[in-house]
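In: Mind folding the following:
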Amino acid sequence: MSFLSRIMVIKSRAHFSAGGNNHPGGNVRGVSFEGTRKKSSNQARSRVGIIIAGFTVAYCIIGGRLVQYGLELPEAVSSIGRADNLMASRPDILDRNGEILATDIRTVSLYAEPHKIVDADEAVEQLSTVLPNLNHSEIYNKLRSKSRFQWLRRQLTPKQQSQILALGIPGIGFRPEKRRFYPGGATASHILGHVNIDNRGIAGMERYIDSQGLADLAATGMTSDARLEPVKLSIDLRVQNIVHDVVVNAMVDYKAQAAGAVILDAYTGEVLAMASAPDYDPNQPSRTLADGTIDKKYEEGWFSRMSNGTFEMGSTFKSFTLAMGLDSGKMTLKDSFDARNPIRMGGFTIKDFHGKHRILTVPEIFQYSSNIGTAKVADLVGVDGHKEFLTRLGLLTKMQTELPEVATPSQPRTWKKINSVTISFGHGVSTTPLQTAVAGAALMNGGYLLEPTFLPRTEEQAAPFRHKVIKDTTSADMRYLFNWNGIAGSGKNAQVAGFNVGGKTGTADKVINGRYSNDLNFNSFIAGFPMDNPRYIVLTVIDAPLTGESGGRIAGYTAAPMVQKIIARTAPLLGIKPKFGPDGSALLVSY
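Out: Take a look at the predicted model:
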């Protein structure tokens, strides 16, 4: 019986009961009917309310889950973790004035989910229109693999991302990453170094920063999205740009195999600038050729000849030999040595390049770069004293500095008299140009050896690291010799009007396959300025130049002009003011 039928029956019975006036229970039945109807109505309302509440709860749960799914990041489809955990943050690297040398930028990398790829061949063809150096077979194998995630190309440009998106390839996606960016490109590449694809430092100061604890923090995931304190270097970006420019141009202009230069603060040991050519762009440390192979010639630019290359430094070593003789007390600037005849020793003949064939004073030995006179100074001191002095100046041991790429000097296993004689004028010992500059600074700054630093420090902060290696009087005598050579000797082409540049050239026969070449030189020039109180040391090198200023190929026509160009452009930036007389002529230092 339906709900409506039951209502009709109840109504009929109620009408019958009400019609019997003599029925004793008529009023009672009427009251019972009204109560039953109200009760049924309330039950119906309750049921409807329960149904509405149930639907409301269900819709709220469904809506909440949809919102949750919309806000959540997609689940990782492989074991490599989220993008922010892939690439640890690195601190910005700044120059001494706060200019950015290296920083992190946001980028994206291209990945594929092979199980969602419809047509691998078509996908490869489409991607190759945007990525021309794509390895077709490698990408095809990745797209056909049974894995659920494959990297296709890391660190795309925004333009590449936009073009790939326009292709509409199913199963292809992008993940945000961090990329190291060097605004100056190759300008300071051998100082900064570079990072690998996972943003880990593998060369230069980038590697040094990792060695100071950053790598450990990154391994524990504590740097994934952290804002790290910037690292400030001693480098002056303005000066660095000039030095890099001079070095690169010298290599081209002199048709040389390589070139380099460094500027040091003689009183703090700070490296203000250092460049080596060939170099490379740390934004692109490797290059892929059209055939998909790595360009090994480009990677040769990773090698820093200033700190990681060792060379026979030629006649610049005569500076150390004469300083040794003066510091020993066995000679003075007023002494003379017989340079009339060549020296024959152990089957070798030692002669002067431009011999004067007469007795030379100590300043003349330096001015005319006499091999004979220098050899006799070394003989005066003796083999043991010679070795001890060069060790004291740090020229025979590995240099200590923050830069990881530092080579160890080479020297004879056993020092004999012939070794001491040839080393006196720069043959037989190989050192790095940077440590040669450091030793040169000790000759000019009052006699204090300071290991170089690529981090900023004041004279007060540098004081605990200074080591007295020569007497004050020896340093004063060497300043005189450097200044005299800059005015009247082989350093004339390095002179800059008003800045009193002094220095010493070095022209060494280049060693090729264990033999000295008669045609190729390794040239260098060490300089200080201003010579009345040398604040800055500049050292330049040029490897195997085929030409030079006025057609000359020796150091006076190649390495010395490089110093001249560097000082002329950087001295004002370093706060050095030129000195001129009332008539406008440059003032020279007098001793």
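In: Am I right that residue 537 falls within a strand?
Out: Yes. Assessed by DSSP: H, G, I helix; E, B strand; the rest coil, residue 537 belongs to a strand.
In: So that it lines up with my notes, have the first residue be 27 from now on.
Out: Okay, residue one is now 27; in that scheme the one you just asked about reads as residue 563.
In: partner residues bridging it?
Out: Going by DSSP bridges, residue 563 is paired in beta bridges with residue 290, residue 554.
In: Might you list the low-confidence residue ranges for the chain?
Out: Low-confidence segments of the chain (pLDDT under 70): 27-68, 94-114, 241-253, 314-320, 609-617.
In: tell me, what residue is most central in it?
Out: residue 218 (1.3 Å; C-alpha atoms, centre = their mean).
In: residues touching the closest residue to that one other than its chain neighbours, list them.
Out: Leaving aside its sequence neighbours, residue 218 sits nearest to residue 230 (C-beta to C-beta, 6 or more residues apart in numbering; 5.0 Å). Where C-beta positions appear, they are placed from N, C-alpha and C, glycine not excepted. Contacts for residue 230 (C-beta atoms under 8 Å, 6 or more residues apart in numbering) come out as 215, 216, 217, 218, 219, 220, 308, 429, 430, 431.
In: wouldn't the fourth one be in contact with residue 208 here?
Out: Going back to what we said before, that points to residue 218. Yes. With contact defined as C-beta atoms under 8 Å, residue 218 reaches residue 208; the gap is 6.3 Å.
In: shared neighbours, the two?
Out: 127, 128, 308.
In: Please indicate which of those residues are buried?
Out: 127, 128, 308 (16 or more other C-beta atoms under 10 Å).
In: will you turn those into TSV that also has secondary structure?
Out: Shown next, in TSV, are those (three-state DSSP):
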residue	secondary structure
127	strand
128	strand
308	coil
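In: quick check, nearest of these to residue 180?
Out: Checking these against residue 180 with C-beta to C-beta, the nearest one is residue 308 at 16.0 Å.
In: Run a quick check on that closest one versus residue 222, I expect a contact.
Out: No. Residue 308 lies out of contact with residue 222 (C-beta under 8 Å); the separation is 11.4 Å.
In: Residue 335: which of the contacts of residue 230 is nearest?
Out: residue 431 (9.6 Å).
In: Which of the helices or strands spans the closest one?
Out: In the assignment (DSSP states H and E), residue 431 maps to no helix and no strand.
In: I'd like to know how many residues surround it.
Out: Residue 431 has 19 neighbours, counted by other C-beta atoms under 10 Å.
In: cool, residue 154 as well?
Out: By other C-beta under 10 Å, the residues close to residue 154 number 14.
In: ok, for it, nearest residue in space, not its chain neighbours?
Out: Using C-beta to C-beta, 6+ apart and skipping the chain neighbours, the partner closest in space to residue 154 is residue 160 (4.8 Å).
In: Contacts only, for that neighbour.
Out: Per C-beta under 8 Å, 6+ apart, neighbours of residue 160: 150, 153, 154, 179.
In: Quick check, the first one in contact with residue 162.
Out: Yes. Assessed by C-beta under 8 Å, residue 150 is found in contact with residue 162 at 5.5 Å.
In: coming back round to it: mind checking which of the contacts of residue 230 are in strands?
Out: Using DSSP state E, no member of these falls within strands.
In: which residue ranges form the strands in the stretch 377-526 of the chain?
Out: Applying DSSP state E, counting those that start in this stretch to the stretch 377-526 of the chain gives strands spanning 385-387, 474-475, 493-494.
In: Export those to a markdown table and append columns for mean neighbour count.
Out: Formatted as a markdown table, these follow (neighbours: other C-beta atoms under 10 Å):
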| stretch | mean neighbour count |
| --- | --- |
| strand 385-387 | 16 |
| strand 474-475 | 20 |
| strand 493-494 | 12 |
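In: on that earlier part again, okay, the residue nearest to the centre of the chain and residue 431: tell me how far apart.
Out: Distance, residue 218 to residue 431, by C-beta to C-beta, to the nearest Å: 12 Å.
In: What of residue 470?
Out: The spacing between residue 470 and residue 431, counted by C-beta to C-beta, is 26 Å.
In: First-to-last residue distance for stretch 382-396?
Out: Terminal residues of stretch 382-396 are spaced 9 Å apart (C-alpha to C-alpha, to the nearest Å).
In: actually stretch 418-425, sorry about that
Out: End-to-end distance for stretch 418-425: 12 Å, by C-alpha to C-alpha.
In: residues in contact with that stretch?
Out: Outside stretch 418-425, the residues that touch it by C-beta under 8 Å, 6+ apart are 333, 346, 413, 416-417, 432-435, 437, 455, 457-458, 460-462, 464-465, 468, 475, 477-478, 495.
In: out of those, which are buried?
Out: By neighbour count, with 16+ other C-beta under 10 Å, the contacts of stretch 418-425 hold 333, 346, 413, 416, 432-433, 435, 437, 455, 457-458, 460-462, 464-465, 468, 475, 477-478, 495 as buried.
In: In helices only, show me these.
Out: Using DSSP state H, the members of the buried ones among the contacts of stretch 418-425 that fall in helices are 346, 413, 416, 460, 461, 462, 464, 465, 468.
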